[in-house]
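Novice: curious how this folds, go ahead:
(2 chains)
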Amino acid sequence: DTGVSQDPRHKITKRGQNVTFRCDPISEHNRLYWYRQTLGQGPEFLTYFQNEAQLEKSRLLSDRFSAERPKGSFSTLEIQRTEQGDSAMYLCASSLGIARHYGYTFGSGTRLTVV
Amino acid sequence: EDKVVQSPLSLVVHEGDTVTLNCSYEVTNFRSLLWYKQEKKAPTFLFMLTSSGIEKKSGRLSSILDKKELSSILNITATQTGDSAIYLCAVADQTGANNLFFGTGTRLTVIP
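Specialist: Numbers count the residues shown, from 1 in each chain, chains lettered A, B, ... in the order given. Down below sits the predicted model:
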């Protein structure tokens, strides 16, 4: 499978717990993005990596959220002290070049439910 | 703030009908507009438009950008049940930011 893969596909957690999601981008793509999508809304940008450097962060990314891409390959997104408002689909995307020129390839997402 | 508005929010048609989905945008320093199809999970790329008035076509789907009107349309002819999905419009600007601004999508349902 040469697409963007995300793990897990679904996660149910209790409020206050920490969760971590993983994204494996297409291997030759050096740009990686995290988006959040709530029901009835389009994806909202969270953060962007070029190789291992985190170059952009949305104000949506509160201090409970942290993302890493340690070796410029896979990335993790951690949410600490989860709240019910964090329930959403978390989408990862990657691109070979600048997104506005090439668009993204999205993964299937991780659906988080906080109970 | 940059904004992308899609209409209608939802649409139900019969197989064989032709549909037109609309996307309008307010983006500083517009660079490109993209259309994605989202079925159950991952949005899949359909078109990228950068030049006004040039139609892009893929099978029964086509799209065109009007920079004067700050809008784009996505046409689907001879719809099939497999076209049922959410169609997302996104725009990118020239500022160097690498994120895309997405609209809320149009939910299309094609009934047999």
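Novice: can you give me the strands for chain B?
Specialist: Using DSSP state E, the strands of chain B run over B:3-7, B:10-14, B:19-26, B:30-38, B:43-49, B:56-58, B:61-66, B:71-76, B:85-93, B:101-102, B:106-111.
Novice: which ones are touching B:Ile86?
Specialist: With contacts taken as C-beta atoms under 8 Å, 6 or more residues apart in numbering or on different chains, B:Ile86 has the following neighbours: B:Lys37, B:Gln38, B:Glu39, B:Gly105, B:Thr106, B:Arg107, B:Leu108. All C-beta atoms are positioned from the backbone trio N, CA, C, and that covers glycine.
Novice: distance of it relative to A:Asn30?
Specialist: In this structure, B:Ile86 lies at 29 Å from A:Asn30, with C-beta to C-beta, to the nearest Å as the measure.
Novice: about what we covered before: and A:Phe74, which of the strands of chain B is closest to it?
Specialist: Of all the strands of chain B, it is strand B:43-49 that lies closest to A:Phe74, at 20.5 Å by C-beta to C-beta.
Novice: part of a helix, is A:Gly85?
Specialist: Yes: if the criterion is DSSP: H, G, I helix; E, B strand; the rest coil, then A:Gly85 is within a helix.
Novice: who's in contact with it?
Specialist: When the contact criterion is C-beta under 8 Å, 6+ apart, the partners of A:Gly85 are A:Val114.
Novice: now swap in the one 4 residues further on and tell me
Specialist: A:Met89 sits next to A:Arg36, A:Gln37, A:Thr38, A:Gly109, A:Thr110, A:Arg111, A:Leu112, B:Lys41 when contact means C-beta under 8 Å, 6+ apart.
Novice: that one: which element?
Specialist: Element membership of A:Met89 [criterion: DSSP states H and E] is strand A:88-95.
Novice: spit out the contact partners of A:Lys11.
Specialist: Counting by C-beta under 8 Å, 6+ apart, A:Lys11 touches A:Val19, A:Phe21, A:Thr110, A:Arg111, A:Leu112, A:Thr113.
Novice: checking it next. Helix, strand or coil?
Specialist: strand.
Novice: could you check the pLDDT of it?
Specialist: According to the prediction, A:Lys11 has pLDDT 98.
Novice: measure it to A:Thr20 for me?
Specialist: Going from A:Lys11 to A:Thr20 by C-beta to C-beta gives 9 Å.
Novice: what pairs with the nearest residue to A:His29 once chain neighbours are set aside across the strands?
Specialist: Of all residues not flanking A:His29 in the chain, A:Ser94 sits nearest, at 3.7 Å (C-beta to C-beta, 6 or more residues apart in numbering or on different chains). With DSSP bridges as the criterion, A:Ser94 is bridged to A:Leu32, A:Thr105.
Novice: pull the number of nearby residues for A:Ser94.
Specialist: Neighbouring residues of A:Ser94 were enumerated by other C-beta atoms under 10 Å in any protein chain shown; the total is 24.
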